[in-house]
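In: build me a model:
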Amino acid sequence: MSMGFLTSQNSKGFLTVNSLFGTIELENFATDKMITVEASKPTQGSKSADGKFSAAALPQTFRVTITLRANSANIPYINQWNDAIKSGQEVVPSEQLTFTAPSLGQTAIYTDGTLEEFTAFPDANGQYEEISFVINYGDANTTND
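Out: So this is what the prediction gives:
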């Protein structure tokens, strides 16, 4: 049996918001939760009262939570993104998020996203806590490197 390494160390993330800052490399991820992706629901099925099963494909979205340390150089970019949405009262899209996982030999690519949740300032508990933000993407693909 071979031993594989599952470390997220050396993973990289690249966020693209072309209308504001182009593509940035995400830096200074939180140590415990760099990126979290909620499970999507591709289908829904149910049985009727007479025992017949029906199912349907559902439109999918992919909610991605990114957590950065409070001193990440990326936080001003996320603030800029949120400010642009607030000031224009319109959606400013993220064209792409790319996340490489060298120990898994995979790259995840999310496209057509919107900023859904935003933390304006970190909690202060002895040291400043991590900041998280959530982007909801319309499509996702994973490739093997």
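
In: thought S103 was touching S8?
Out: Yes. Contact criterion C-beta atoms under 8 Å: S103 and S8 qualify, at 7.3 Å. Every residue, glycine included, has its C-beta placed from N, CA and C.

In: quick one: contacts for the residue nearest the centre of the chain?
Out: Computing the C-alpha centroid of the chain and ranking residues by C-alpha atoms, centre = their mean puts V64 first, at 2.7 Å. Contact analysis of V64 by C-beta atoms under 8 Å, 6 or more residues apart in numbering lists 35-38, 97, 110, 113, 134-137.

In: could I get those as a markdown table with neighbour count and pLDDT?
Out: Written out in a markdown table, the entries for the contacts of V64 read as follows (neighbours: other C-beta atoms under 10 Å; pLDDT from 0 to 100):
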| residue | neighbour count | pLDDT |
| --- | --- | --- |
| I35 | 18 | 83 |
| T36 | 12 | 84 |
| V37 | 14 | 85 |
| E38 | 12 | 86 |
| L97 | 24 | 94 |
| Y110 | 25 | 95 |
| G113 | 26 | 95 |
| V134 | 17 | 95 |
| I135 | 23 | 95 |
| N136 | 17 | 94 |
| Y137 | 21 | 94 |
